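Colleague: Give me coordinates for this.
(2 chains)
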Amino acid sequence: MNNKEYQVRLSGFGGQGIILAGIILGEAVSLYENRFAVQFQSYGPEARGGASRAEVVISDEEIDLLELIEPDVFLALSQQAFDKYIGDAHEKALVIVDPDYVTNAPLSSRKVFAVPVSRIAREQIGKTIVINMVALGALAAITGLVGIDALKKAVSARVPPGTEKINLKAVLAGYESAREMN
Amino acid sequence: MNSGCNMQFLQGNEACALGAIEAGVRFFGGYPITPATEIAEVMARELPKLGGVFVQFEDEIASIGAVIGASVAGTKAMTATSGPGFSLKQENLGYAIHVQIPCVVVNVMRGGPSTGLPTLPSQSDVMQARWGTHGDHPIIALAPYSVRECFDLTVRAVNLSERFRIPVIVLSDAIIGHVREKVVLPKREELTLVERKKPTVDPEDYKPFEDDGTGIPPMANLGEDYLFHITSNNYDDEGFPATNDHDIAGRRIKSLYNKIERYRDEIDDVDLFMVEDAEIIIVAYGSTARSARRAVMMAREEGIKAGLFRLKTIWPFPYDHLKAAAESANHLLLAEMNMSQLDSEVRSATHDLETKLHGLHQSNGMLITPYQIYDSLKGLV
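Modeller: Presented below is the predicted three-dimensional model:
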C-alpha cells in the first residue's frame, strides 16, 4: 500500500468491541508512532447484536477527512457487517474476514485474508471476548499500518487495569497467525 | 483524560467538557441525547471530584432552568444537547438573554426537523441558534471545527458569557462531537479566564441592571449580601417590572443589543485560509470547514486559486470581515449541511460587491466531503 492516507473500516456486530478496536488503532498511530489518525464510528440503535463499525484514517500528515470515502482496509467479523459495509470498499482494498462468521465473501477483485480470529481467541486465549484484540494484531501484520510495539502500548494503556496481559497475548496471537499469511 | 498534559486521543465532546471544566464551569444540568451525551458523561465523572455539581434532570427544560439558577447564584454553568433538546431550551434561553444571566449551551447538531435523523450530522440549527427564542435579542454562537477547537471554543464561550452577561451557544455537530483526534491541550496557566464583574457599591445602593458606563451591568451573586429582583417582563434598572414604560422598554432592548455590538472586536472570530490571492472563497464552519480546507488544498494542487473563510463566531455574523475578504474574489461558495441557512447573511455582507455567490448545500445526514466541494470549485473555474 503506498498512497499516503489510509482509510480503515472495522466492522462486526455490537458487543465484539469493534469501536474499542478503532480507538486503540487510532491511539497506537497518533500517540505511540507520532503520526496522525482520526477515528469515528457508527452503530445502530439496537446496540448489541446489530452491525457496528469504527473507522480510522491514518496518515503521516494532518487529516481533514472526517468521513471514509473509499476504505483501503476492510475488516469484517460478521456476515451482516460484511454485507452492509463492503459496498464502497476500494477495488484494491485489503479485506480481512473471520471465516467462521463471514461465510459468503464474494470478492473476486479484492485481496481477502481469512483469519479465524474468533477461533484463535477461543483456542489460544480461552476467551472469545478478546476477538477484537486478535483482529487488531492480525490487521497490524497484514496491513503494516501500525507497528506491533505501538499497538501493544496502546492496548496496555486503554484496556481495563488487570486485563493487560490477556489482551496483549491476544494481540500477539493475532499478529503471529496473520504474519504467516502475508 | 485531562487537560494540561501530554498528547491525547480525544473525542470532540470530551474536549468540550474538559474545556468547560478548565474555564471554571462547576455546574452542569444535563439531559442525555445523542450525539451530545458524552459531554454529560465527562461532566458527571469529573465535576464531583472538583467540588462541582452534576445533575441529570427530568428533561431539557429543567436542565437549562437549573443552569440559569446556578449561574445567578454565582457559579459558571453549562448544559449540552442536540436539536430536539435545543428546541425545548429556547424559552429559558430567551429568559437568560433577557435578564442577562451568563451560561453556556452546547448544541451538537443532528438532522431535524423534530427528532429527525437520530443521530446523523447536520448544521441545520444555525438559524435556531440565532432566532430560536422569541423577541428581539442578540446571541453569541461559536462553531468548532476540530477536537482542539471544541476545547478552545468552549473556554471562549464561558469567557464571553461571563464577560457580556449573555448565554453563549457552542454550535458543534455530530461529526465534530464524535470524531477522535490527537490533541495537546493547553496547560491551565496558559488559559485566560474571565470572571463576571461584581458590584463595588454598597449592597443598599446596588441596582442590578444599571449601566456603569460599559454597557454590562455588574452582577452580584443572588443569595449573598446583594438582594435583587429578576423578572421575565421588561424591567427597570432595579430589576422590577416596567411593562408599560415605553421609554424603559426601548432602552432595555437597545442596551441588550449594544453590549454586543459595541464589543464586536472581542467577539468576532474568523479564520482565513489561503484567501489572500483567492479567486474562489469557500464560506464554511464546523465539520464542513474541515472538508473545505482539504478541498482548498486539492484545488491549489491543480492551480485553482481557492481559499476558505471559516466562521468560528457565527453569531453575531461577521459581515465586515466577510466583505473585506471577499472583495477581490470572483466567486463565493457557501457550503453548509443545511438548506442554505446562512445565504441571506452572506448576501447581506457582500451585496455591493461584484462577487457571485454559489451554494453547496446538503441536508441528508451526510457530511459534505472534500471531493464534493472540490467538484464545486472546479465547476466555478
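Colleague: in the chain, which spans are helices?
Modeller: Because you didn't say which chain, this covers chain A. A:18-32, A:79-85, A:117-120, A:131-143, A:148-158, A:164-179 (DSSP state H).
Colleague: To clarify, I was referring to chain B.
Modeller: B:12-22, B:37-46, B:60-72, B:83-98, B:126-131, B:147-164, B:174-178, B:246-261, B:264-267, B:286-301, B:319-326, B:343-350, B:370-380.
Colleague: so how far is stretch A:125-139 from its chain's centroid?
Modeller: 10 Å (C-alpha atoms, centre = their mean, to the nearest Å).
Colleague: now stretch B:187-195
Modeller: 19 Å.
Colleague: Touching it from outside, list them.
Modeller: B:3-4, B:22-24, B:155, B:158-160, B:162-163 (C-beta atoms under 8 Å, 6 or more residues apart in numbering or on different chains). In this view, the C-beta of every residue, glycine as well, is placed from N, C-alpha and C.
Colleague: and of these, the nearest to residue B:208?
Modeller: Closest approach to residue B:208 among those (C-beta to C-beta): residue B:162, at 15.8 Å.
Colleague: From chain A, how far out is the residue nearest to the spatial centre of chain B?
Modeller: Nearest to the geometric centre of chain B sits residue B:141, at 2.6 Å (C-alpha atoms, centre = their mean). As defined by C-beta to the nearest C-beta, to the nearest Å, residue B:141 lies at a distance of 21 Å from chain A.
Colleague: my guess is that residue meets residue B:317, correct?
Modeller: No. Assessed by C-beta atoms under 8 Å, residue B:141 is found out of contact with residue B:317, at 9.6 Å.
Colleague: hey, what's in contact with both of the two?
Modeller: When C-beta under 8 Å, 6+ apart defines a contact, no residue borders residue B:141 and residue B:317 alike.
Colleague: Buried residues, stretch A:61-71. List them.
Modeller: A:63-68, A:71 (16 or more other C-beta atoms under 10 Å in any protein chain shown).
Colleague: hmm, who's touching it?
Modeller: By C-beta under 8 Å, 6+ apart, stretch A:61-71 touches A:4-5, A:7-9, A:36-38, A:40, A:55, A:57, A:88-90, A:93, B:175-176, B:179, B:181, B:287, B:290-291, B:293-294, B:297, B:366-367, B:369-371.
Colleague: Could you pull up the mean pLDDT of that stretch?
Modeller: Mean pLDDT, computed over stretch A:61-71, is 93.
Colleague: Likewise for stretch B:130-143?
Modeller: pLDDT averaged over stretch B:130-143 gives 98.
Colleague: farthest-separated two in the buried residues of stretch A:61-71?
Modeller: A:64 and A:71 (17.5 Å).
Colleague: so what secondary structure elements neighbour the lowest-mean-pLDDT helix or strand in chain B?
Modeller: Within chain B, no helix or strand scores below strand B:117-121, which has a mean of 88 by mean pLDDT, DSSP states H and E. Contacts defined by 3 or more C-beta pairs under 8 Å, 6 or more residues apart in numbering or on different chains; DSSP states H and E place strand B:117-121 against strand B:103-111, helix B:174-178.
Colleague: which other residues reach it?
Modeller: A:45, B:34-35, B:82, B:109-111, B:173-175, B:287, B:337, B:365-367.
Colleague: From those, pick the one nearest residue A:51.
Modeller: residue A:45 (11.5 Å).
Colleague: what sits against residue A:28?
Modeller: So residue A:28 contacts A:146-147, A:150-151, A:153-155 (C-beta under 8 Å, 6+ apart).
Colleague: typed the wrong thing, it's residue B:380
Modeller: Taking C-beta under 8 Å, 6+ apart as the test, what residue B:380 contacts is B:280, B:331, B:333, B:358.
Colleague: In contact with residue B:33, which residues are there?
Modeller: Counted by C-beta under 8 Å, 6+ apart, residue B:33 has contacts B:60, B:81-82, B:84-85.
Colleague: likewise residue B:229?
Modeller: Contacts for residue B:229 were tallied using C-beta under 8 Å, 6+ apart; they are B:208, B:235, B:238-240.
Colleague: could you redo those as a markdown table and give each row distance to residue A:132?
Modeller: Formatted as a markdown table, these follow (distance: C-beta to C-beta, whole Å):
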| residue | distance to residue A:132 |
| --- | --- |
| B:208 | 57 |
| B:235 | 59 |
| B:238 | 63 |
| B:239 | 58 |
| B:240 | 63 |
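Colleague: Generate a PyMOL selection restricted to the buried subset of these.
Modeller: Burial among the contacts of residue B:229 is assessed by 16+ other C-beta under 10 Å; the matching PyMOL selection reads:
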select buried, chain B and resi 208+235+239
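Colleague: And the pLDDT at the residue of chain A positioned farthest from its centre?
Modeller: Distance from the C-alpha centroid of chain A peaks at residue A:162, with 22.9 Å (C-alpha atoms, centre = their mean). What the model reports as pLDDT for residue A:162 is 96.
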